[in-house]
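1. I need the structure of the sequence given here:
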Amino acid sequence: MNSTTLKIILPLIVFFTFGCSKADSSPKEQPAQKQAEQVCQSGDCSDEKPDKVAVYYFHGERRCRTCLGIQSAVEQTINERFGKEAASGKLVYQDVNIEKEANKHFIKEFEISFSTMVVAAMKGDKVIKWVNCSNLWDMSHETPEMMDYVEKKIRPYLDMLKGR
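-> Modelled structure (predicted):
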């Protein structure tokens, strides 16, 4: 191998070996039947109406430019398109480091295996329904499309609050 080839290949090897996620470097949304929105698993929650929507951006300790860009686009979408709902407390946002011991419960609760966004309908502190929005990665370098995707995932959850 010549030095030019090594200069190209070596950074790729390092990135995919030590990248920002411990899982697949280009995660895909789970298949529809498995990824479908999850309903409360602690009994029958079908009659419960949420009182707020939580949007989480989950990440690890080590963060790459792409992870930070995705988080920035999620936050920008919430600020620009859901400012009123966020100001009223109907929509809450939190970025969560899933490598911290106190946050490890989210891994099992939301079936997280890499950096992702989760939208959850909440009744108090109880999750009624949620969706893992891992397709963010497919749009990670297309901010307008990613913002549309984020809005598309959040809007139906906010619609659940109407009529309360």
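2. the strands in this structure, which residues?
-> Applying DSSP state E to the chain gives strands spanning 38-39, 52-59, 91-97, 116-123, 126-132.
3. low pLDDT regions in the chain?
-> 1-47, 163-164 (pLDDT under 70).
4. What number of neighbouring residues does Ala73 come out with?
-> By the other Cβ atoms under 10 Å criterion, the neighbourhood of Ala73 contains 23 residues. For every residue, glycine as well, the C-beta is placed using N, CA and C.
5. Could you check how far the most centrally placed residue in the chain is from Glu109?
-> Nearest to the mean C-alpha position of the chain, by Cα atoms, centre = their mean, lies Met117 at 0.5 Å. As for Met117, its distance to Glu109 is 15 Å (criterion: Cβ to Cβ, to the nearest Å).
6. picking up where we left off before, I'd say the residue nearest to the centre of the chain and Val74 touch.
-> Yes: using Cβ atoms under 8 Å as the test, Met117 is close enough to Val74 to be in contact (5.6 Å).
7. okay, and the common contacts of these two?
-> Val55, Tyr57, Leu136, Val150 (Cβ atoms under 8 Å, 6 or more residues apart in numbering).
8. Okay then, goodbye and thanks.
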